[in-house]
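**Q** I would like the atomic coordinates for the input below:
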Amino acid sequence: MIFISHSTRDGDLAIKLMDLLQTQFNLQRENFFLTSDEELKYGEDWIESIRVGMDEANLVLPLITPNFLGSQFCLCELGATWVNQKALVPIILPPLNHSALQETPFRSWMQSLTLNSEQDLARLAQTMVDKNVGKVNFPRFNTRAKAFYNEVLEPFKVEMESREVISEALVTQLRKELKQFKEAYDEAEKESEQLRKENEALRDMKDKEEVKAYEYSNMEDWEMFTELVRKVSSTLRKLPKVLPSVLFQSFRYDNRKSDERGLYSPSANDELKILENRGFVVWDDGWQPNEIHPQIHTAKIAIQELKKFLDTNLTEELEVRFNEEYEGLIFDMAYSDFWEKILGVIIYHSGE
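**A** Here you go, the predicted structure:
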């Protein structure tokens, strides 16, 4: 993947550079990560997305422009690129030159490129080849690069030359903030190292029960499981006594663990007929839950949430914890013991 870090004000330039590299190297749109990408939807953890994208990239291209240097967040991104130094190639756009990196951690960085001509674009292409990022036909690329330089980079240079020069006060402020960022990063590294040492110390404890108690206290999956169980149990207990059995039989059938489509229970048949009149159940080759009833609908949603959680989060650690808490019980919602002992309801079986 190619990670392009840039100021939002330079979004058009970044997209056009991406288009050039994409078409000439026969790449796909998903091979690129732009930090102002519209695909980073509102509400998404976009800072974490940027961190992951930068870490996984084969090539990290910060577009160093006056707009970039004027953005506090871009400078933070620039500092964060240390995470993937091997892939890092700062791209300096005229009218800036190599001295633009003087006040950054990359002032002596040898891999930077200043795009003063189409030949410099060819150097960028060669860098991509060297880093095994696609293949290119250089004669065709050089033709396209010349057009790109004349149609995109030259106008951009003129636009930047006419913009207001960054003030010394702003530069001083940026230096201060960059220093604070580095100090915060160093502090985070120290905290991470301390946590690692504490974890090792816990693993070395002779008292295994103490270690287990500590691990259990940090077991988020178990907390989520018990919360979902409480939710299902609460909804089931609000239903008439026989209805959890109807839901159980429906659940088993839907999950292909039973040939019985619904509940057959002569002992509860009179009660079920009353519940049919109240809209809780319907007869369809056995008593089935009537999903249009609000209480049934709520219960089925809660059951489905618990089922989905177990399908996606059933780890070995969670099974071990369950087996210790509920010895002799199968960790599977397809069995009535789970519903009775975990969800706290009575299950009628067909024929009873």
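**Q** pLDDT (mean, whole number) over the top strand by length along the chain?
**A** Longest strand in the chain, counting residues (DSSP state E): strand 59-64. Average pLDDT, strand 59-64: 90.
**Q** packing partners for that strand?
**A** Using 3 or more Cβ pairs under 8 Å, 6 or more residues apart in numbering; DSSP states H and E, the elements in contact with strand 59-64 are strand 2-5, helix 11-24, helix 72-80, strand 91-92. C-betas here are computed from N, CA, C, even on glycine.
**Q** so which of these comes closest to residue 307?
**A** strand 2-5 (38.3 Å; Cβ to Cβ).
**Q** Got the confidence number for residue 186?
**A** pLDDT, read off for residue 186, is 83.
**Q** Tally up the residues packed near it, please.
**A** Counted by other Cβ atoms under 10 Å, the residues lying close to residue 186 total 10.
**Q** separation between it and residue 47?
**A** 19 Å (Cβ to Cβ, to the nearest Å).
**Q** Buried deepest among the helices and strands packed on strand 59-64, which one?
**A** Scoring these by mean neighbour count under mean count of other Cβ atoms under 10 Å gives strand 2-5 as the most buried, with a mean of 25.
**Q** List the residues that contact the closest residue to residue 333 other than its chain neighbours.
**A** In space, and not counting its chain neighbours, residue 333 is closest to residue 307: 6.0 Å by Cβ to Cβ, 6 or more residues apart in numbering. Shown in contact with residue 307 (Cβ atoms under 8 Å, 6 or more residues apart in numbering): 251, 255, 333.
**Q** sec struct for residue 186, please.
**A** Three-state assignment for residue 186 (DSSP: H, G, I helix; E, B strand; the rest coil): helix.
**Q** dump the residue contacts of it.
**A** Contact analysis of residue 186 by Cβ under 8 Å, 6+ apart lists nothing.
**Q** Please identify the buried residues of stretch 230-242?
**A** The neighbour-count check on stretch 230-242 (16 or more other Cβ atoms under 10 Å) flags 231, 232, 233, 235, 236, 239, 240, 242 as buried.
**Q** Same question for stretch 328-335.
**A** Per 16+ other Cβ under 10 Å, stretch 328-335 contains these buried residues: 331, 333, 335.
**Q** measure the last one to residue 271 for me?
**A** Going back to what we said before, that points to residue 335. Distance from residue 335 to residue 271, by Cβ to Cβ: 24 Å.
**Q** And the second one, by the same measure?
**A** Taking Cβ to Cβ as the measure, residue 333 falls 24 Å from residue 271.
**Q** From one end of stretch 134-143 to the other, what's the distance?
**A** End-to-end distance of stretch 134-143 (Cα to Cα, to the nearest Å): 18 Å.
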